[in-house]
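Asks: sequence? don't have it. structure:
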């Protein structure tokens with residue numbers, strides 16, 4: 001059963017993503033832009049590696065474990081516990097590096113906190 005806490009975390013996650021993407025303006029220096037590009041490349045690599053290591057039926061936007069899902073421990077999951085969250089954080093960090101205004105730093109840290117809460121919740125469900 002999906003709980004209100006899980007839906008709240010997902011809603012906050014998507015709201016923060018929209019805020020970070022929609023609020024991005026090209027303000028970076030050439031060095032910042034190069035770093036942002038490298039972060040996008042890293043995020044893409046991690047995200048594709050997660051997709052390649054997992055089966056589509058395992059994915060769930062909510063931290064609850066889907067019926068019939070299996071724990072993936074191979075591929076990138078052998079090195080990163082939550083590669084999809086890592087890819088998302090890297091991608092949003094790229095947006096932040098490109099436009100590092102203070103409110104955006106707060107939004108990225110808030111996204112980090114939400115994803116850590118989701119990961120902890122998901123791991124609790126997996127232990128059950």
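Replies: Looks like it came in fine. Note that the structure is predicted; figures quoted are calculated from it, not measured.
Asks: and the strand or helix carrying residue 19, how far out from the chain's middle?
Replies: Assigned by DSSP states H and E, residue 19 belongs to helix 4-22. Offset of helix 4-22 from its chain centre (CA atoms, centre = their mean, to the nearest Å): 11 Å.
Asks: mind listing residues that contact that helix?
Replies: With contacts defined as CB atoms under 8 Å, 6 or more residues apart in numbering, helix 4-22 is touched by 61-64, 88, 92, 95-96, 104, 107-108, 110-111, 114-115, 117-118, 121. Where C-beta positions appear, they are placed from N, C-alpha and C, glycine not excepted.
Asks: which of the residues you listed fall in helices?
Replies: Per DSSP state H, helices hold the following members of the contacts of helix 4-22: 88, 92, 95-96, 104, 107-108, 110-111, 114-115, 117-118, 121.
Asks: export those residues to TSV and tack on pLDDT, neighbour count and distance to residue 18?
Replies: TSV is the format used below for the ones in helices among the contacts of helix 4-22 (pLDDT from 0 to 100; neighbours: other CB atoms under 10 Å; distance: CB to CB, whole Å):
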residue	pLDDT	neighbour count	distance to residue 18
88	98	18	13
92	97	24	11
95	94	22	11
96	94	23	14
104	95	21	13
107	97	20	10
108	98	20	13
110	98	16	13
111	98	24	11
114	98	21	13
115	98	21	15
117	97	17	19
118	96	21	17
121	94	17	22
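Asks: go through those and name the one nearest residue 46.
Replies: residue 88 (9.2 Å; CB to CB).
Asks: I'd assumed residue 42 was in contact with the closest one.
Replies: No. Here residue 88 lies out of contact with residue 42, judged by CB atoms under 8 Å, at a distance of 11.9 Å.
Asks: name the residues contacting each of these two.
Replies: By CB under 8 Å, 6+ apart, no residue touches both residue 88 and residue 42.
Asks: list the contacts of stretch 34-47.
Replies: Under the contact criterion CB under 8 Å, 6+ apart, stretch 34-47 has outside partners 28, 76, 80, 83-84, 86-88, 90-91, 93-95, 97-98.
Asks: max pairwise distance over these: which two?
Replies: Spatial extent of those (CB to CB) is set by the pair 28 and 76 at 28.3 Å.
Asks: looking at those two, which has the bigger crowd around it?
Replies: Using other CB atoms under 10 Å, the more surrounded residue of residue 28 and residue 76 is residue 76, with 21 against 18.
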